[in-house]
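*Asks:* For reference, the sequence and a predicted model appear below.
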Amino acid sequence: MIVAIGQLRILPDRNVNIMKALSLIKRAIQVNASIVVLPELFNTGFYPESYEQVEENLEDELDFVLRLSERRDITIVGSVAERDEGRLFNTAVVIHRGEILAKYRKTHLFPLNEERKYFVPGEKLAVVDSPVGKLGLMICYEVRFPEIARYLAKKGAEIIAVPAEFPEERINHWRVLLRARAIENQCYVLGANCAEGEDKYPGHSMIVDPWGNVLVEAGDRQEIIMAEIDTEEVEKIRKEYPFLEDFRKDLFKEEFR
């Protein structure tokens, strides 16, 4: 199947961001992609003035995206600012044929910006039974936590989607961490970063295979990238190289209590 990443230029204008996201989704549809992953907070970015425009209901906030997907056989993944009873969450959504199949609220909020000032952390990790297979969800900063990715893999994730707003000064970390998470967990990793915009995000979205090979990497502009993958390779590699089964949990009971 074809997988795609929509590398979006996010601005301090919620309506413009959503229209740009719709444009990238349409391009993914045109190339017959089975899944497209968009960046973190693709509706608002980290712009507090945009948070005020977020609808109280997640379905209302994603109305245009849901309507676009109604008659299209594509799974759409991305993170948005979600408002729920006055609280804001950084929420990854999985959308297919006009429905939100699942959502994941970011559990580890970034300490070096104002994310913790505006957002509430989620409390549960997520692996989703989706039309493209078992889909694990992480958001940006969380790619630094191998324990999260390992949990997703142990729960059967064949693909891990990582919507992100990863900054220019640490972009080499991003490139290394995506490959590491793929190698460690013998799965595909789809990392969707932002590009350009007022905060000059550097892009470099990546599609990585279970061997850690970069199948395709974006540049530093708004664009869509794609690659063909086969999730049956995940099961094949995990059986041939059963490294995930060798982890000794008994050595770590105290450390992770």
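*Replies:* Structure received.
*Asks:* following the strand or helix carrying residue 15, which helix or strand shows up next?
*Replies:* Per DSSP states H and E, residue 15 falls inside helix 14-30. For helix 14-30, the following helix or strand on the C-terminal side (DSSP H and E) is strand 35-37.
*Asks:* so where's this structure shaky on pLDDT?
*Replies:* 197-199, 254-257 (pLDDT under 70).
*Asks:* Tell me where it has strands.
*Replies:* 2-7, 35-37, 75-84, 87-96, 99-105, 127-130, 133-137, 159-163, 188-192, 195-196, 201-202, 206-208, 214-217, 223-228 (DSSP state E).
*Asks:* Just put the ones you listed in CSV and tack on distance to residue 19 and mean neighbour count.
*Replies:* The way it works is simple: take the backbone N, C-alpha and C, and place the C-beta from them, glycine included. What follows is the strands of the chain, written out as CSV (distance: least, CB to CB, whole Å; neighbours: other CB atoms under 10 Å):
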stretch, distance to residue 19, mean neighbour count
strand 2-7, 13, 26
strand 35-37, 16, 28
strand 75-84, 14, 25
strand 87-96, 17, 22
strand 99-105, 20, 19
strand 127-130, 25, 18
strand 133-137, 25, 25
strand 159-163, 18, 30
strand 188-192, 18, 29
strand 195-196, 16, 19
strand 201-202, 19, 22
strand 206-208, 25, 26
strand 214-217, 25, 16
strand 223-228, 15, 18
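*Asks:* now for these, which one comes closest to residue 20?
*Replies:* Across the strands of the chain, residue 20 has its closest neighbour in strand 2-7 (8.8 Å, CB to CB).
*Asks:* Tell me which other helices or strands that closest one touches.
*Replies:* For strand 2-7, the packing partners by 3 or more CB pairs under 8 Å, 6 or more residues apart in numbering; DSSP states H and E come out as helix 14-30, strand 35-37, strand 188-192, strand 206-208, strand 223-228.
*Asks:* Serialize the ones you listed to a markdown table and add fields for distance to residue 43.
*Replies:* Shown next, in a markdown table, are the helices and strands packed on strand 2-7 (distance: least, CB to CB, whole Å):
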| stretch | distance to residue 43 |
| --- | --- |
| helix 14-30 | 6 |
| strand 35-37 | 15 |
| strand 188-192 | 14 |
| strand 206-208 | 23 |
| strand 223-228 | 18 |
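*Asks:* just to revisit the earlier point, a markdown table please, covering the strands of the chain and showing distance to residue 147.
*Replies:* Output for the strands of the chain, formatted as a markdown table (distance: least, CB to CB, whole Å):
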| stretch | distance to residue 147 |
| --- | --- |
| strand 2-7 | 25 |
| strand 35-37 | 22 |
| strand 75-84 | 20 |
| strand 87-96 | 18 |
| strand 99-105 | 16 |
| strand 127-130 | 14 |
| strand 133-137 | 13 |
| strand 159-163 | 13 |
| strand 188-192 | 16 |
| strand 195-196 | 29 |
| strand 201-202 | 26 |
| strand 206-208 | 19 |
| strand 214-217 | 24 |
| strand 223-228 | 27 |
